[in-house]
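# Got a predicted structure plus its sequence, pasted below:
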Amino acid sequence: MFNVLKGTHDVIKDEALKYSYIEETLTNIAINYGYEEFRTPVIENSELFTRSVGDSSDIVRKEMYTFDDKGGRSITLRPEMTAGIVRSMVNAKLFAMQDFPVKAFYCGPNFRYERPQQGRYRQFNQFGVECVGVSTVERDVETIVLGYHMLQFLRFRDLKLLINTLGDEETRENYKKALKEYFGQHIDEMCNDCKERYKLNILRILDCKDPDDRPIIDKAPKITDYLSDAARERFEKIKEYLTKLEIPFEVDSELVRGLDYYTGVVFEFHYTSSNGNNYGAIGAGGHYGNLVKEIGGPDIEGVGFALGIERLAKIMEDDQLFPEINRNVEVYVMPIGEKAVQKAVEIAFELRLDFFRTEVCYEKKSMSALFKKAERKNAKFAVIIGEDELKDNTVNVKNMLTKEQVNISMQELPSYLVEKLDQNEHQHEHSCECSCCEGEECEHDDCDCDNEEGHCCCHHKHDCNKA
Ligand code: ATP
Ligand code: MG
């Protein structure tokens, strides 16, 4: 027996369906905001991360999966995706076209050697966006709004948005001096990591998660008191926009983020499940002033964020935020006898070409055992082929919900199923359960909205309530 490695997990069956639901939903919203998909390798040159995420970050100091490959190159499994995405933009010379901003969305696994605990894995998935070649405050706002919109759409209602600014160069120089002076008096009492952070990058101390250090950190000078006029004005503008858009937020002056490339605004989304579980930030990001230049691109800035899929899925499960996702079998084909089995192969082939979700039982079983299997699979229709049916080239179709059974010709089967399945889905007025409709019924009885089957008028993917 082999078990999954510590800090990793299998995502199978219903859970995988839920991950796909999250990823598809986020993809659709990102596309609406004008982002295009980027897929970059999981392995990168180690130096990409030491340069971007930064030598003083916990990620680079102790969390990276780094190894030499057979050619002696230092390789790292990506611990985050921004660096790789920006590298891909530089390599593809997307900035040479000067058609800014370049907007990328992405989704995939990341690897960090962390202490596994609730909501914290060694392999975890992120969905993120990067908008590169930006200078205006409006792009920062648009990015925060996008994250908020995505989470709202996934039905995270009591969302907590924390924001802070790391200011500009002048701000950070003055602030670091103030921190040096303050922590200089306390550093002997602090954890070993903080002692190192004190030397490497003093801002990092504010991100310390050791509870014993918190009282000291809480009394440290606040960056908001050291902002240059330009940095203050920019931060004020962001707050004004968020207020105007009625997006609730709190300023958290200790928020610095765990990656060195951030400058300007930084933000995190938090949410506590109704059972009190808090898995840490569900998403986080910020503005980066120097990252593009640092990895070989032009002197342009960017802004982005990443959401943690595992944390989203866990909360959505806890708080039942997932819509009903139905991938049940539509047609269960039940051949009785050997000859019928051959026919079943052909029928299933045809039905699947017509995109009916079809399953067949090729094993020898009694009729009652076959029906039990169809029920377990929540099949909508059973298609029974016995000797009589083979003789006259027909099939028996049983509606598993109404128990109605008809004998029809093989040729009629697809059109019969289309008509009946459609009725199963749409014959009744359906009430949307997603909160975007606020529980109100759709105004049409025939579901004549233009959306794809399985989508209600508000584009939430869920089945209609059966009458
Ligand atoms: P934290 O403060 O919780 O350690 P972080 O600052 O390291 O988070 P980022 O690197 O900004 O997080 O990653 C963005 C998002 O990715 C986080 O908000 C979180 O949802 C998710 N994430 C980060 N690390 C992990 C992990 N080890 N397991 C699961 N999800 C994670
Ligand atoms: Mg972390």
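Received it, and whenever you're ready, just let me know what you need. Ligands and ions are numbered 1, 2, ... in the order given.

# who's in contact with Ala281?
Going by CB atoms under 8 Å, 6 or more residues apart in numbering, Ala281 touches 268-270, 308, 311. C-betas here are computed from N, CA, C, even on glycine.

# How about the residues of the chain by ligand 1?
Proximity of the chain to ligand 1, by CB under 6 Å from any ligand atom, involves residues 80, 112, 114, 119-121, 124, 126, 257-258, 280-284, 306, 308, 310-311.

# Can you get me a residue count around Ser368?
Here the number of neighbours of Ser368 (other CB atoms under 10 Å) works out to 8.

# ditto for Thr171
Around Thr171 there are 23 residues (other CB under 10 Å).

# Show me which of the residues of the chain next to ligand 1 are buried.
80, 112, 114, 119-121, 124, 126, 257-258, 281-284, 306, 308, 310-311 (16 or more other CB atoms under 10 Å).

# So which of those residues are in strands?
Residues from those lying in strands, with DSSP state E as the criterion: 124, 126, 283-284, 306, 308.

# Any figure for the gap between the closest residue to Met367 other than its chain neighbours and Ala344?
Nearest residue to Met367, sequence neighbours excluded (CB to CB, 6 or more residues apart in numbering): Ile336, at 6.9 Å. According to CB to CB, to the nearest Å, Ile336 and Ala344 sit 10 Å apart.

# Give the residues shared as contacts by the two.
Shared contacts of Ile336 and Ala344, defined by CB under 8 Å, 6+ apart, comprise Ile385.

# List the contacts of Gly147.
Residues counted as contacts of Gly147 (CB under 8 Å, 6+ apart) are 267, 269, 283, 285, 305, 307.

# switch the cut-off to 6 Å
With contact set as CB atoms under 6 Å, 6 or more residues apart in numbering, Gly147 has these partners: 283, 305.

# From here on, call the first residue 123.
New numbering, starting at 123: the last item is Gly269.

# Can you tell me the element it falls in?
helix 259-275 (DSSP states H and E).

# gap between that helix and the chain center?
15 Å (CA atoms, centre = their mean, to the nearest Å).

# could you dump it to PDB, C-alpha only?
Provided in PDB are the C-alpha atoms of helix 259-275 (Å, rounded to 0.1, in the frame of the first residue of the first chain):
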ATOM      1  CA  VAL A 259      -4.700  53.400  -9.700                       C
ATOM      2  CA  GLU A 260      -7.800  52.300 -11.600                       C
ATOM      3  CA  ARG A 261      -6.000  49.000 -12.600                       C
ATOM      4  CA  ASP A 262      -5.300  48.300  -8.900                       C
ATOM      5  CA  VAL A 263      -8.900  48.900  -8.100                       C
ATOM      6  CA  GLU A 264     -10.200  46.800 -11.000                       C
ATOM      7  CA  THR A 265      -8.000  43.900  -9.800                       C
ATOM      8  CA  ILE A 266      -9.300  44.100  -6.300                       C
ATOM      9  CA  VAL A 267     -12.900  44.400  -7.600                       C
ATOM     10  CA  LEU A 268     -12.300  41.300  -9.800                       C
ATOM     11  CA  GLY A 269     -11.200  39.200  -6.800                       C
ATOM     12  CA  TYR A 270     -14.200  40.500  -4.800                       C
ATOM     13  CA  HIS A 271     -16.600  39.800  -7.700                       C
ATOM     14  CA  MET A 272     -15.200  36.300  -8.100                       C
ATOM     15  CA  LEU A 273     -15.800  35.500  -4.500                       C
ATOM     16  CA  GLN A 274     -19.200  37.100  -4.500                       C
ATOM     17  CA  PHE A 275     -20.200  35.000  -7.500                       C
END
